[in-house]
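Engineer: Any chance you can model this:
(chains A and B)
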Amino acid sequence: MAEIEVNLELARKHGINEEEWETIKKILRRIPTYEELGIFSAMWSEHCSYKSSRIHLKKLPAKAPWVIQGPGENAGIIDIGEGYAVAFKMESHNHPSFIEPYQGAATGVGGILRDVFTMGARPLANLNGLFFGSPDNPKTPYLIKGVVAGVGDYGNCVGVPTIGGQVTFHFCFNGNNLVNAFTLGLMKSDKIFRGKAEGAGNPVWYVGSKTGRDGIHGATMASAEFSEETEEKKPTVQVGDPFTEKLLLEACLEIMEKDVIVGIQDMGAAGLTSSSLEMAERSGSGIKIDLSKIPLREKHMTPYEILLSESQERMLFVAKRGREKEILEIFRKWNLDAAQIGEVTDTKRAEFYFEGKKVADIPIEGIGESSPLYNRPFEEPKRFKENQNFNAGAIEDVKSLKKVFLDFISSPNLCSRKWVYRQYDQSVRTNTVMTSGSDAGIIRIKGTKKGVAMSLDVNPRLCFLNPKEGTKCAIAESALNLAVCGAKPLAITDCLNFGNPEKKDVMWEFVESIEGMREACIKLETPVVSGNVSFYNETEGTGIYPTPSVVMVGVVEDVNNIVNPFFKEEGLEIVLIGKNDPVIEGSLYLSHFFNIDKGKFNFVDLDYHRRLIELLLSLSSQKLIESAHDISDGGLLPALAECFLKEGNNIGAELFLDENFERMDAFFFGETPSRVLVSIKKEKCNRLKSICQKFNIDYKIIGKTGRNILKVVFNNKEILNIPLSEIFEKWEKGFERIFKK
Amino acid sequence: MRATVIEFLGSNCDHDMVYFIRDVFKIETEVVWFTERDLKNPDIVLLPGGFSYGDYLRPGAMASRTPAMESVREFAKRGGIVLGVCNGFQILCESGLLPGALLRNKTISFICDDVYLKAENRETPFTSMVDRILKIPIAHGDGNYFCDEKTLEVLEKEKRVAFRYVSPDGKIDDNWNFNGATNSIAGVLSENKRVLGMMPHPERACEKILGSEDGKLIIESVISFLEKTDG
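Structural biologist: Here you go, the predicted model:
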């Protein structure tokens, strides 16, 4: 093969700019080899280096007494008591899922599962945040079918239940859908593994699928905008094999039982390159790898390709010396390829050999510490103030409450998601005590009374209107979703999906969003323990709405006290807890019916919100309430419906309202944070009222549960009366209509 | 009573099955790896669900040709009791221990949902205690039971349909036969009625906190059957 000339032009094709090119030459004190250029290109891609986000991410709170592992590892870990800890992380697989929805989504799930089990945790629950373009967009049905099947097939085969998430439609995702995959695993708190390469002379092992040519430069692909030629990028998308993942998972957990592993990490973005360099960097050591020893799927692969392949289901680990036999025995049992490919050194350099020749030799500090760090300029866009000035007064109020309500409840963002979650195994591992269709997903921890709760949330519309306050709302909502079930929020992981950071307004969105996250996480005492940034969610210059997805994780002390959202019997009092001052500015109502994403929405009062959370935890531990549900997207009436929209249920609601409200739309469909609907036995109402007073939280009885009907009476006049069966049918069939257009 | 759970590469309900038998029922339980031939002298062999060999080739096809399955075939021939759930059912069909095959669901997609089951024949080792409609989860992509007409006739005549999918009030109804199984068949018995394959997961309906404990009735039936035959 002819030598490839490495120069600035070639570097540019690798996504490296002139300044970065100069830095590389300075670090190496020479022109890089072709392989080295590939390594720098991958490691310094936005996806791997966080070069535009690092200085801002540092501002996020990461500590609390229960945090065992914060950001910087493969996943975050928190202590949940009784000797157990949970590891969790969320990661985006947006770009691949748009190019090839099935494999892109599947490998997203595969990657996050490995991030969690590499730390020694057994994955027990998955969530995913899926954001698609408008249902009318011709590509949307194809994308959603592929993504949902990909997410489902992978998790189902590995045997990890998918117990929640979010599916959102908005035209801003027409050119870039988002797939945010979350996994949570359980471990003993004293048996944690990290991605370290310690002890010069210790062997470096490769295990899992053979290396092929798939996914080469996937990380670089994910660090650029899409254009018309995006279709041509299909080869950069990896292909998943969940069966091998399952074997890898079991083999790794089995080998971790023996005392042979020094450090372990999966080969994710930028494959062997990033895993080996990151492990050595964390330990301040060096690493020497012979690329000729890598098990290959295809013939004649070049060292460049081997270094940058993103073939899935592969792990790198450092073992203690002299334990080869035990290691090989376990991997043989699980039918996996394992090979010793190198060793840890004390040179602080990453050295790669191929067929006896050194092809790359890079100082590890150079690649990490000298990696580019940008404080990109940012500026508040004009639209920000313009949108805030929007006056909803000109919007015509609701005429037929029944028609609007039924249209709304069957609309893409409010209708039943059963079409989606029915394709996910939710009950494997026999721990699921709450799943999709409720406020949070909850698994019980066998052998204890405890449960772990999790909820994925973000409202991209609010984050577009006000990134800082919108992000606060996402965290507040996620925390509230846990609290209504009786789970104490403890920590978050995030997936920060944004447009092109080289644009000032996108960078402003990012900086504002981080500030909102910082404030909310400090106030709610829920540190950010892991996460991921996905920039360049843009196609032909149009970016997505800022979408900082968060997953809040928390603990239920006694799973027998869990509260679910559903009304259980007739004659219960329905109480609205929280500040009831909804507005239609920025609401789903305004967006759905009028196609307007404008206005100043109600910001979350974090002090009030925190008291509301404490109040709810107190209610569940005292078993005072029969149900609880958070009022979010769509406002009061859809939230009320969600308390009875369940197969086979015949308990509805009758609201008796005497309040003066100016507008029906705002009252029934307007939004505001920190509101919860609970149902409670009549004789317990006084107790509830006094607890609310103690926590200084608003309280109002708004109706009763009733049979088979949703009825609204306002000043003794009936303004709504619909049989439950009619509402159920509309709500249940909503999703299928997306495919019929 | 002694139970043996077989583990194949890609089984993913093996832990759940062991938990069900060992922890919920406190039955002595052995776990046998698919390469072994010694089943450790069980009274019942359980084949768990999952995606053995990633469902490559056909679900259950490769697992049915393993050494452990050769022993299971001999065990069944001697009149041993075998329960295969989900992928375990698929393996039993591929092994020839049960007739028919499990095709792709009629929806062409994976389905996870609760189903309702009616025990069609109460005089089997698995159903004597099943005195009500069972609510049990399914989770599969290939659960659509199919066999030729002649076999179907034999199965029905010999009362070898153990369970059928029904509505919550116990009626045969296509709307409640999610995967499209022939004659709403959810579970099939061998000729001697000692081998049962079923798509729904009784091990997932084993505690109230999980939403149903109806799955326990099937194991309780087996316990009662074994007590009688021992005595």
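Engineer: for the closest residue to chain B within the stretch 601-741 of chain A, what are its contacts?
Structural biologist: Taking Cβ to the nearest Cβ, chain B has its nearest neighbour within the stretch 601-741 of chain A at residue A:648, 6.8 Å off. Placement of C-beta: from N, CA and C, glycine included. Residues near residue A:648 by Cβ atoms under 8 Å, 6 or more residues apart in numbering or on different chains: residue B:168.
Engineer: and it, what element?
Structural biologist: For residue A:648, there is no enclosing helix or strand under DSSP states H and E.
Engineer: Residues of chain B that sit close to chain A?
Structural biologist: By Cβ under 8 Å from any Cβ of the partner chain, the residues of chain B that approach chain A are B:9-10, B:12-13, B:15-16, B:19-20, B:23, B:33, B:49-51, B:53-56, B:109-113, B:137, B:139, B:141, B:168, B:201, B:203-204, B:206-207, B:209-210.
Engineer: cutoff 7 Å now
Structural biologist: With the criterion set to Cβ under 7 Å from any Cβ of the partner chain, chain B comes near chain A through B:9-10, B:12-13, B:15-16, B:19, B:50-51, B:53-54, B:109-113, B:137, B:139, B:168, B:203-204, B:206, B:209-210.
Engineer: among those residues, which are in strands?
Structural biologist: In strands, defined here by DSSP state E, the members of the residues of chain B next to chain A are B:111, B:112, B:113, B:137, B:139.
Engineer: Contact residues of the stretch 151-300 of chain A facing chain B?
Structural biologist: So far as Cβ under 7 Å from any Cβ goes, the stretch 151-300 of chain A lies against chain B at A:152, A:153, A:156, A:157, A:158, A:159, A:242, A:243, A:246, A:247.
Engineer: Identify the farthest-apart pair in these.
Structural biologist: Distances among those were taken as Cβ to Cβ; the most separated pair is A:152 and A:247, at 19.9 Å.
Engineer: which residues of chain B fall in strands?
Structural biologist: Ranges of strands within chain B are B:2-7, B:28-33, B:44-47, B:81-85, B:101-103, B:111-119, B:134-140, B:144-146, B:161-166, B:185-189, B:195-198, based on DSSP E.
Engineer: ok so, going back, ok, so of the ones in strands among the residues of chain B next to chain A, who is nearest residue A:620?
Structural biologist: Set against residue A:620, the nearest of those by Cβ to Cβ is residue B:137 (25.9 Å).
Engineer: Any figure for the gap between the closest one and residue A:12?
Structural biologist: Distance check for residue B:137 against residue A:12: by Cβ to Cβ, to the nearest Å, it reads 54 Å.
Engineer: any idea where the helices of chain B begin and end?
Structural biologist: Taking DSSP state H as the criterion, chain B carries its helices at B:14-18, B:67-77, B:87-95, B:149-157, B:216-230.
Engineer: pLDDT below threshold where in chain B?
Structural biologist: Residues of chain B meeting the criterion pLDDT under 70: B:230-231.
Engineer: I'd like to know how many residues surround residue B:43.
Structural biologist: 18 (other Cβ atoms under 10 Å in any protein chain shown).
Engineer: contacting residues around it?
Structural biologist: If you count contacts by Cβ atoms under 7 Å, 6 or more residues apart in numbering or on different chains, residue B:43 has them with B:1, B:2, B:3, B:81, B:226.
Engineer: just residue A:657 next, same as before
Structural biologist: With contact set as Cβ under 7 Å, 6+ apart, residue A:657 has these partners: A:702, A:712, A:713, A:714.
Engineer: now residue A:474
Structural biologist: A:457, A:458, A:459, A:548, A:550.
Engineer: Test my guess that the second one contacts residue A:551.
Structural biologist: No: between residue A:458 and residue A:551 no contact is recorded; they are 9.8 Å apart, counting by Cβ atoms under 7 Å.
Engineer: how far away is the nearest residue to residue A:733 once chain neighbours are set aside from chain B?
Structural biologist: Residue nearest to residue A:733 in three dimensions, not counting chain neighbours: residue A:410, with 6.9 Å by Cβ to Cβ, 6 or more residues apart in numbering or on different chains. Separation of residue A:410 from chain B (Cβ to the nearest Cβ, to the nearest Å): 20 Å.
Engineer: what's the neighbour count on residue A:410?
Structural biologist: By other Cβ under 10 Å, neighbour count at residue A:410 equals 19.
Engineer: cool, residue B:170 as well?
Structural biologist: As a burial measure, residue B:170 scores 13 neighbours (other Cβ under 10 Å).
Engineer: and it, what does it touch?
Structural biologist: Counted by Cβ under 7 Å, 6+ apart, residue B:170 has contacts B:118, B:133.
Engineer: how about the helices in the stretch 501-650 of chain A?
Structural biologist: For the stretch 501-650 of chain A, the helices defined by DSSP state H, counting those that start in this stretch occupy A:504-524, A:588-594, A:606-621, A:636-642.
Engineer: Please check the residues of chain B next to chain A and keep the buried ones.
Structural biologist: Those of the residues of chain B next to chain A that meet the buried threshold are B:9-10, B:12-13, B:15-16, B:19, B:50-51, B:53-54, B:109-113, B:137, B:139, B:203-204, B:206, B:210, by 16 or more other Cβ atoms under 10 Å in any protein chain shown.
Engineer: List the contacts of stretch A:239-252.
Structural biologist: A:103, A:106-107, A:110, A:113, A:117, A:153-154, A:157-159, A:207-209, A:214, A:264, A:312-313, A:315, A:330-331, A:334-336, B:9-10, B:12, B:51, B:53-54.
Engineer: likewise stretch A:211-219?
Structural biologist: A:42, A:45, A:47-48, A:96, A:236-239, A:269-270, A:294-298, A:301, A:305-306, A:308-311.
Engineer: could the strands of chain B be laid out in JSON lines, adding distance to residue A:472?
Structural biologist: As requested, the strands of chain B are exported to JSON lines (distance: least, Cβ to Cβ, whole Å):
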{"stretch": "strand B:2-7", "distance to residue A:472": "48"}
{"stretch": "strand B:28-33", "distance to residue A:472": "49"}
{"stretch": "strand B:44-47", "distance to residue A:472": "51"}
{"stretch": "strand B:81-85", "distance to residue A:472": "47"}
{"stretch": "strand B:101-103", "distance to residue A:472": "50"}
{"stretch": "strand B:111-119", "distance to residue A:472": "35"}
{"stretch": "strand B:134-140", "distance to residue A:472": "38"}
{"stretch": "strand B:144-146", "distance to residue A:472": "48"}
{"stretch": "strand B:161-166", "distance to residue A:472": "48"}
{"stretch": "strand B:185-189", "distance to residue A:472": "49"}
{"stretch": "strand B:195-198", "distance to residue A:472": "50"}
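Engineer: What segments of the stretch 351-500 of chain A are helices?
Structural biologist: Going by DSSP H, counting those that start in this stretch, the stretch 351-500 of chain A shows helices at A:364-368, A:382-388, A:401-409, A:418-421, A:460-465, A:467-485.
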